[in-house]
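[1] Predicted model, plus sequence, below.
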Amino acid sequence: MVRPNQTFIDQVKIFIKAGDGGDGHVGFFRAKFIPKGGPDGGDGGRGGDLIFAGSGHKSTLLDFRYKKHFEAKDGKRGGRNQRKGADGESLEILVPLGTVFLEVDTEKMIGEITKVGEKLVIGEGGKGGLGNVHFASSTNRAPKKATPGQKREGRWIRLELRLLADVGIIGLPNAGKSTLLSAVTQAKPKIADYPFTTLSPSLGVVTSRDKSFTVADMPGLIEGAHQGAGLGIQFLRHIQRTRLLLYVVEAIPGHVEKTWQDFTMTKNEIAQYDQNLLERPFLVTINKVDLSTHEEQKELADFFKQKGIIPLLISAKKNENLDALVQALHDRL
């Protein structure tokens with residue numbers, strides 16, 4: 001479970017290098033009674049691969065905060081008697097699910113890992129060089145030629161963690177997202193009455209009708225988040241992997257239009273970041289209705305319906321109507 005803390009790291013830059021291939025060997029067979037022995041230089045070993053693998057036991061890129069250089073082993077040089085050099089040991093690095101690999105300069109995606117055990121070879125080891133035994137011919141019975149192993153250059157790449165969740169809870173700071181997550185799951189996010197309580201995503205599991213789905217509480221948005229305001233891009237990248245968006249807006253007694261504006265502003269920030277997210281299925285829930293009268297709640301629901309949105313009215317703090325919300329999420333998924 002991802003919990004908010006100061007060690008949640010969701011993007012890092014690291015240096016990687018696959019192993020070089022070993023050089024081929026130049027050698028000649030020598031024996032007491034065979035004065036004209038032929039070439040017997042062996043091939044070099046293959047360099048080790050640089051491999052990333054998905055782990056279900058990791059939820060952050062914290063491991064890469066201090067160790068940033070990763071190199072696979074080089075292949076060994078070939079030997080006499082046509083002995084092949086040993087292959088270099090590959091290096092396998094575990095990463096959390098949802099890790100995306102990007103070129104540093106171009107931002108081009110190299111690959112991603114979304115499943116436990118899934119592997120991605122980002123650096124292939126160099127091939128070993130050929131020993132001189134390969135270059136003997138009828139006209140050259142004692143070749144002194146061998147080829148070097150393939151060299152591999154290192155490079156910097158960027159890792160981004162984009163959480164994998166069925167439902168992404170999004171909304172303004174203090175809309176009650178963390179309270180809602182803790183009410184419907186066993187997650188224990190930090191909850192308080194000041195902005196940006198959630199400084200990193202929190203992940204919990206909801207069980208409904210003998211089935212379960214994951215819910216992520218994302219750090220609160222503010223206007224301009226797509227340009228980096230507030231927690232900005234740190235938040236927005238995580239919603240790209242969620243199957244269903246759950247907008248949570250705060251019921252403001254006597255200010256129906258302000259509640260609607262909060263919803264539209266949140267949706268606009270998401271659209272500014274990635275237009276494709278507007279095509280993602282979503283539900284809207286209005287939280288903290290326990291602070292409103294029945295008349296105000298009806299006015300609020302009617303106003304949203306006139307705009308084409310049927311909201312679910314809840315109170316996460318008072319545990320009101322949460323069963324209906326969980327059922328709606330289950331059905332939509």
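    Nice, thanks for sending it over.
[2] Now for the closest residue to residue 53 other than its chain neighbours, how many residues are close by?
    Distances taken as C-beta to C-beta, 6 or more residues apart in numbering put residue 119 closest to residue 53, at 4.8 Å, once the chain neighbours are dropped. Just so you know, the C-beta spots here come from the backbone N, C-alpha and C atoms, and that holds for glycine as well. Counted with other C-beta atoms under 10 Å, residues neighbouring residue 119 total 12.
[3] Pull the number of nearby residues for residue 15.
    Residue 15, neighbours per other C-beta under 10 Å, totals 13.
[4] so residue 59 makes contact with residue 98?
    No: contact criterion C-beta atoms under 8 Å: residue 59 and residue 98 do not qualify, at 9.3 Å.
[5] Where does the prediction get shaky in the stretch 101-250 of the chain?
    Along the stretch 101-250 of the chain, the parts satisfying pLDDT under 70 run over 186-201, 209, 219-235.
[6] give me that answer again for 80
    163-164, 173-174, 185-205, 207-211, 218-241 (pLDDT under 80).
[7] now the helices for the stretch 101-250 of the chain?
    Per DSSP state H, counting those that start in this stretch, the stretch 101-250 of the chain carries helices over the ranges 177-184, 232-236.
[8] can you tell me which residues contact the residue nearest to residue 53?
    51-54, 92, 113 (C-beta atoms under 8 Å, 6 or more residues apart in numbering).
[9] ChimeraX command to pick out the buried ones of those residues?
    To isolate in ChimeraX the members of the contacts of residue 119 that are buried, counting by 16 or more other C-beta atoms under 10 Å, one can use:
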select :51,52,54,113
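[10] Widest-spaced pair of the contacts of residue 119?
    Spanning the widest gap among the contacts of residue 119 are 92 and 113, at 12.1 Å by C-beta to C-beta.
[11] Name the residues contacting each of the two.
    52-53, 119.
[12] give me the beta-bridge partners of the residue nearest to residue 181 when sequence neighbours are not counted?
    Among residues not flanking residue 181 along the chain, residue 217 sits closest, at 4.2 Å (C-beta to C-beta, 6+ apart). Residue 217 has the following beta-bridge partners by DSSP bridges: residue 169, residue 202.
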